[in-house]
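Visitor: Let me see the structure of the following:
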Amino acid sequence: MMEAAVAFGLFGTTKEEAPVPVPLVGVRAEADIVGGGARVDLTQTFENRETVAVEAVYRFPLPESAALTGFRARVGDRVVMGRVEERDRAFDEYDRALEEGHGAFLLDQERPNVFTLSVGNLPPGGRAEITLTYVEVLEADGTDLRFRLPTTISPRYVPGDMDDEDGVPPGERVHPPYADEVPYGLTLEIRVHGRDALEALESPTHPVRVAMAGDPVRVEFSSERAAMDRDFVLTVRRREGLPSAAWLVEGEGEAFVQADLVLPRDDARDLPHEIVFLLDCSGSMMGSSIEQAKRALRILLRALPAGVRTNLYRFGSTHEAVWPEPRPADPKAVEELVSRLDAVDADLGGTEILRPLREIVERPLPDGARRDVILLTDGEVANERAVAKVAGSYPGRVRVFAVGIGHGPNDFLIRETARASGGASAVVAPGERIEPRVLGLFGKVLGTSVTGLRIKGGPGREQAPTEATGFGGGRVV
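Guide: The predicted model follows:
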């Protein structure tokens, strides 16, 4: 079944429990990009135009790699700083405050990349300004970096056999009502530090204005604000030949080191025994997404090297493979797969990715052989962790390389599936040329990789991620 509609915003509930809209005045994002990391302040300002106090509920996305470091709420002259509590205890404290007539604020992480904010007892005519601060490691695309600010939540298909989460059915999580259209917009300012290392800054999703004078370099929308109907992406192109670097941030009683490692370029090839393509043909891929995926597949199929075996699966509520077994990727086999794509459409219903992935992953392999799976999907499923667990069930033997497509792809599914298996991922923005992105990813499939990267240190030091995977010529943060 599908969850509710896709737009997100703030809604209120009066004492009569009738949902009423609480207008969102605007959303502003301010970000500092240093090396391969970013610090973001995301501020939303709301206004209660009702004649009674309301409880406002706001559901919104964050990048799957984001780590929240701050939460501040301002209502009138009152400023409240958030603190982390065990989930059930936090809900109890919030409910108790509402029963006693006090104002209260609750931020709940529903999924790894979806949060719900509740603002209790927002007074008539009151304004609520909520600021979230998070840090994240940016996606490395060769020597480039990509900053992505999600603004939409795509519907998630919930498989019928999906287990409950904390005793709550996954389709019945705490979800506010949704609006199909919202009147507010997004403003932003991005400060990119280290001007001398930059070659260019560009956005494939929005017109932007770049001020190169001074350091940091500043990026804003060309217009005053942008509609929140698609994710914002900024590509940070850096000069070739930059060395590895590290940044030290010192706090009260602790310090953090961000290491930006450049792996040596290696032209050697490490060919897998099989390269299997898994194409999402569920209904959510209808339109430009499926056409974009088919265009990418035609390029990848014709780029298959001699000596590998291949097959093509398509999936939705059901799944099917072109052949019962993978075949050598000779010209005849490749052209047969390419011709099959002409009749392919997003006509297979729901997104049941687990069964075809398990079938591919568990198929026997000769001793010492490796299978690589190239997955093209919008990732609009709710069982992300189960999918990632299957993808990572044969480390060193099976890797998944995932390509995310669409206006609001589920980046947690895409990145976690690749990460769990030792593969890599790429999210392609609407309007962006998919060909260079997938060919860059394909270079990682055919090239060499390094796994289990760790930084040695003394006691009391922690590393994130605990073990990193890198590819020749790329960067690891």
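
Visitor: where's Gly443, which helix or strand?
Guide: helix 434-446 (DSSP states H and E).

Visitor: Helix or strand next in line after that helix, which one?
Guide: Criterion used, DSSP H and E; the element after helix 434-446 is strand 449-453.

Visitor: Pull out the buried residues from that following strand.
Guide: 449-450 (16 or more other Cβ atoms under 10 Å). In this view, the C-beta of every residue, glycine as well, is placed from N, C-alpha and C.

Visitor: That one pairs with which strands, and in what direction?
Guide: Take DSSP bridges as the rule and strand 449-453 pairs in its sheet with strand 468-471 (antiparallel).

Visitor: Now find how far off-centre the strand it pairs with is within its chain.
Guide: Relative to its chain's centre, strand 468-471 lies at 18 Å (Cα atoms, centre = their mean, to the nearest Å).

Visitor: tell me which strands and helices the helix or strand just after that strand is in contact with?
Guide: Counting by DSSP H and E, the next helix or strand C-terminal to strand 468-471 is strand 475-476. Applying 3 or more Cβ pairs under 8 Å, 6 or more residues apart in numbering; DSSP states H and E, one finds that strand 475-476 contacts strand 255-262, strand 468-471.

Visitor: Please repeat the previous calculation with a cut-off of 7 Å.
Guide: With contacts taken as 3 or more Cβ pairs under 7 Å, 6 or more residues apart in numbering; DSSP states H and E, strand 475-476 sits against strand 255-262.

Visitor: Show me what the strand it packs on is in contact with.
Guide: For strand 255-262, contacts defined as Cβ atoms under 7 Å, 6 or more residues apart in numbering pick out 35-37, 242-249, 455, 475-477.

Visitor: List buried residues within those residues.
Guide: For these, buried by 16+ other Cβ under 10 Å: 35-37, 475-477.

Visitor: for the closest residue to Ser425 other than its chain neighbours, what are its contacts?
Guide: Using Cβ to Cβ, 6 or more residues apart in numbering and skipping residues adjacent in sequence, the residue nearest Ser425 is Ala418, 4.0 Å away. Shown in contact with Ala418 (Cβ under 7 Å, 6+ apart): 400-402, 424-425.

Visitor: from those, which is closest to Phe115?
Guide: Phe115 has its nearest neighbour among these in Ser425, at 21.8 Å by Cβ to Cβ.

Visitor: bridging residues for that closest one?
Guide: Beta-bridge pairing for Ser425 (DSSP bridges): Ala402.

Visitor: I'd say it and Phe412 touch.
Guide: No. Look at Ser425 against Phe412 with Cβ atoms under 7 Å: they stay out of range, at 10.7 Å.

Visitor: With pLDDT added, can I get the buried ones among the contacts of strand 255-262 in CSV?
Guide: Formatted as CSV, the buried ones among the contacts of strand 255-262 follow (pLDDT from 0 to 100):
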residue, pLDDT
Gly35, 89
Gly36, 89
Gly37, 92
Arg475, 77
Val476, 80
Val477, 75
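
Visitor: Out of those, the closest to Val236 would be?
Guide: The shortest approach to Val236 among those belongs to Gly36, at 9.3 Å (Cβ to Cβ).

Visitor: quick one: that closest one from Leu271, how far?
Guide: To Leu271, Gly36 is 29 Å away according to Cβ to Cβ, to the nearest Å.

Visitor: With Val210 instead?
Guide: 41 Å.

Visitor: Likewise for Glu254?
Guide: Using Cβ to Cβ, Glu254 is found at 45 Å from Leu271.

Visitor: Which of those two has more residues huddled nearby?
Guide: More crowded of Glu254 and Leu271, by other Cβ atoms under 10 Å: Leu271, with 14 against 8.

Visitor: Where do the strands of the stretch 151-300 of the chain begin and end?
Guide: Secondary structure of the stretch 151-300 of the chain (DSSP state E, counting those that start in this stretch): strands located at 185-192, 198-202, 208-211, 217-221, 226-227, 232-238, 245-250, 255-262, 274-280.

Visitor: sorry, back to before: from the contacts of strand 255-262, which single one is nearest Ile360?
Guide: Val476 (27.4 Å).

Visitor: Enumerate the beta-bridge partners assigned to the closest one.
Guide: Applying DSSP bridges, one finds that Val476 bridges with Leu261.

Visitor: 17 is where my numbering starts, stick with that
Guide: Renumbered: residue one is now 17, and that last one reads Val492.

Visitor: I'd say it and Glu483 touch.
Guide: No. Between Val492 and Glu483 there is no contact under Cβ under 7 Å: 10.9 Å.

Visitor: Quick check: neighbours shared by the two?
Guide: Joint contacts of Val492 and Glu483 (Cβ under 7 Å, 6+ apart) are Leu469.

Visitor: Next, the contact list for the residue most central in space within the chain, please.
Guide: With distances taken as Cα atoms, centre = their mean, Asp427 lies nearest the centre of the chain, 2.3 Å away. The contact partners of Asp427, taken as Cβ under 7 Å, 6+ apart, are 79-80, 129, 420, 443.

Visitor: swap the cut-off to 6 Å and go again
Guide: 80, 443 (Cβ atoms under 6 Å, 6 or more residues apart in numbering).

Visitor: do the same with the one 5 residues further on
Guide: The neighbourhood of Glu432, defined by Cβ under 6 Å, 6+ apart, consists of Ala404.

Visitor: tell me the angle the longest helix seen in the chain makes with helix 450-462.
Guide: Longest helix in the chain by number of residues (criterion: DSSP state H): helix 304-318. If you take axes from the mean of the first three to the mean of the last three Cα atoms, to 10 degrees, helix 304-318 sits at 50 degrees to helix 450-462.

Visitor: And for helix 304-318, what's in contact with it?
Guide: 350, 353-354, 357, 362, 392, 394, 421-422, 450-451, 454, 458.

Visitor: Identify the farthest-apart pair in these.
Guide: Using Cβ to Cβ, the pair of the contacts of helix 304-318 lying farthest apart is Val350 and Gly422, separated by 26.8 Å.
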